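Q: just coords:
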């Protein structure tokens, strides 16, 4: 260590943001992720048994992925090495792996290799890791905000345990804010801060489970206040929070999760949730054609004949989106999703076509009844095709007592919701007449 090292370290620490300075120094200080890090949970058990293998940390920003990786190195007495998949290349990765192999041979000490944004590595780079991960030369900790089952080499995922990080709860965030206010060496304890309760409630709510965002707003508010003591009010908190960028990847799992939430909200008849997920996708830059197509599908899949007008509205909305475009077509989509959410629901059509296709795919291929076969060609009459067919419009109610399938099947079973209630009553009469024909 040089004579200037302590001063240099102090200067670097002074420049670090509050969120970095307040990183936990031990697992006891770590907040959140109790579902895998609490007492008796898997990650704790792996550490206690000294059997920590390669893991992938998957979750949103600000939930502690990098911090926990550092703590795991301390707990497992491993050398900590960090790379960023955004800036590192294969050459640098190979050098780190060679050093890890030498360290294990000479010192019998493992290396915990933390790779941030590991999904940014291409397949070739991920393949370089496989032999040393498999042989235990390095303990790989990969961090990603993208679903690893979509974005990371399946061979690498299969050799790692995946731990999904959840956004911190409001109480977690409050704990971290109060800890930063009380800590005099790393935090803001040397400042005289009177934290208003509604201000801490606001920071906990607006951070959306991102500890960095809450601590950054806290630090900005404190350092930008000249008066002492500092009254940290809700107004000051609101002025200190930067608008959060919408995290949305149109090619990743966020896209699939959001559209799943939108569809399930509409299916579940919750227009308020449907509007939120629609807004989330629009703000993230989702293709309006994709949204319109999904709602057209839903109109048949989940509303069906309970409200036949739903499909007409969905098609009209899709056409309107083509004509109008953004931003105005957001109104059209909002009208559509709220209508579909409030419409009576039926999946009778979905079930019916599913059962019919299942019968066909299972090999239940029924012959077309002779009286229904085409008779408009030479020789058809000699084969008896079309003989005995009854033209439905020749009957007073438009229904002929006639067999159209050859066997007894009921694929379409209308619900008692919406217009299907009327269809159900009509279908009872129709099927009774058709059974007469089948008996003949």
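A: Cool, got the structure. Only a predicted model underlies this, so the values are computations on that prediction, with no experimental measurement involved.
Q: Name the residues that touch the strand or helix carrying residue 106?
A: Counting by DSSP states H and E, the element that carries residue 106 is helix 90-107. Residues from elsewhere that reach helix 90-107 (Cβ atoms under 8 Å, 6 or more residues apart in numbering): 79, 81, 83, 109-111, 113, 124-125, 128-129, 132, 137-138. Backbone N, C-alpha and C define where each C-beta goes, glycine included.
Q: what's downstream of it, the next helix or strand?
A: strand 111-116.
Q: Partner strands of that following strand and their direction?
A: Sheet neighbours of strand 111-116, with direction, are listed as strand 79-84 (parallel), strand 138-144 (parallel) (DSSP bridges).
Q: Of the ones you listed, which stretch is the most buried?
A: Sort the strands paired with strand 111-116 by mean neighbour count, taking mean count of other Cβ atoms under 10 Å, and strand 138-144 sits at the top with a mean of 25.
Q: Need the residues that contact that one.
A: 52-58, 65-66, 69, 72, 76, 78, 97, 100, 110-119, 129, 132-133, 148, 151-152, 156, 160.
Q: per-residue confidence averaged over the helix holding residue 106?
A: On average, the pLDDT along helix 90-107 is 90.
Q: ok, back up a step: nearest to residue 438, out of the strands paired with strand 111-116?
A: Each of the strands paired with strand 111-116 has some distance to residue 438 by Cβ to Cβ; the shortest is strand 138-144, at 59.7 Å.
Q: residues contacting the closest residue to residue 176 other than its chain neighbours?
A: Residue nearest to residue 176 in three dimensions, not counting chain neighbours: residue 211, with 5.3 Å by Cβ to Cβ, 6 or more residues apart in numbering. Going by Cβ under 8 Å, 6+ apart, residue 211 touches 19, 31, 62-64, 168, 172-173, 176.
Q: can you tell me which of these lies nearest to residue 47?
A: Once Cβ to Cβ is applied, the member of the contacts of residue 211 that ends up nearest residue 47 is residue 64, at 15.6 Å.
Q: ok, back up a step: may I ask which of the contacts of helix 90-107 has the most neighbours?
A: Scoring the contacts of helix 90-107 on neighbours with other Cβ atoms under 10 Å, the highest-scoring entry is residue 113 at 27 neighbours.
Q: Excluding sequence neighbours, find me the nearest residue to that residue.
A: Nearest one to residue 113, counting by Cβ to Cβ, 6+ apart, is residue 138 at 4.4 Å.
Q: per-residue confidence for that neighbour?
A: 89.
Q: just residue 346 next, same as before
A: 95.
Q: For it, grab phi and psi.
A: Backbone torsions of residue 346, given as degrees, to the nearest 10, read phi -150, psi 130.
Q: Surely it touches residue 418?
A: Yes. With contacts counted by Cβ atoms under 8 Å, residue 346 reaches residue 418, the gap being 6.9 Å.
Q: Tell me which of those two has more neighbours.
A: More crowded of residue 346 and residue 418, by other Cβ under 10 Å: residue 346, with 25 against 21.
Q: Nearest residue to the more buried one in space, please, no chain neighbours.
A: residue 306 (3.8 Å).
Q: And the residue of the chain most remote from its centre, how far from residue 372?
A: The C-alpha centroid of the chain is most remote from residue 382, which lies 62.2 Å away (Cα atoms, centre = their mean). Separation of residue 382 from residue 372 (Cβ to Cβ, to the nearest Å): 17 Å.
Q: Looking at the contacts of residue 211, spot the one nearest residue 355.
A: residue 63 (44.2 Å).
Q: Tell me which residues touch residue 127, please.
A: 153, 155.
Q: Could you check the pLDDT of it?
A: Turning to residue 127, the model gives it a pLDDT of 85.
Q: Ramachandran angles for it?
A: Torsion angles, degrees, to the nearest 10, at residue 127: phi -70, psi -30.
Q: all numbers from here: first residue = 799
A: Okay, using 799 as the starting number, the last item reads as residue 925.
Q: any idea how far it lies from residue 932?
A: 12 Å.
Q: what does residue 1162 give?
A: Applying Cβ to Cβ, the value for residue 1162 to residue 932 is 49 Å.
Q: Tell me the secondary structure at the residue most central in space within the chain.
A: In the chain, the centroid-proximal residue (Cα atoms, centre = their mean) is residue 1055; its distance is 3.0 Å. Three-state assignment for residue 1055 (DSSP: H, G, I helix; E, B strand; the rest coil): helix.
Q: for the stretch 799-948 of the chain, which spans come out with low pLDDT?
A: 799-812 (pLDDT under 70).
Q: can you give me the helices for it?
A: Secondary structure of the stretch 799-948 of the chain (DSSP state H, counting those that start in this stretch): helices located at 803-813, 816-819, 832-835, 840-846, 863-873, 888-905, 921-932, 946-949.
Q: ok, residue 876 touching residue 907?
A: Yes. Counting by Cβ under 8 Å, residue 907 is a contact partner of residue 876 at 6.9 Å.
Q: coming back round to it: if we compare the strands paired with strand 909-914, which one ends up closest to residue 1176?
A: Among the strands paired with strand 909-914, the nearest to residue 1176 by Cβ to Cβ is strand 936-942 (67.9 Å).
Q: And the residue nearest to residue 974, how close does it get to residue 829?
A: On the measure of Cβ to Cβ, residue 1009 and residue 829 end up 8 Å apart.
Q: Which residues are in contact with each of these two?
A: Joint contacts of residue 1009 and residue 829 (Cβ under 8 Å, 6+ apart) are 862, 966, 970, 974.
Q: Check the burial of the closest residue to residue 951 other than its chain neighbours by counting its neighbours.
A: Computed as Cβ to Cβ, 6+ apart, the closest residue to residue 951 that is not its neighbour in sequence is residue 924, at 4.2 Å. Neighbours of residue 924 under the rule other Cβ under 10 Å: 23.
Q: Which residue, neighbours along the chain excluded, lies closest to residue 1063?
A: Nearest-residue entry for residue 1063: residue 1071, 3.8 Å, with adjacent residues in sequence omitted and distances by Cβ to Cβ, 6+ apart.
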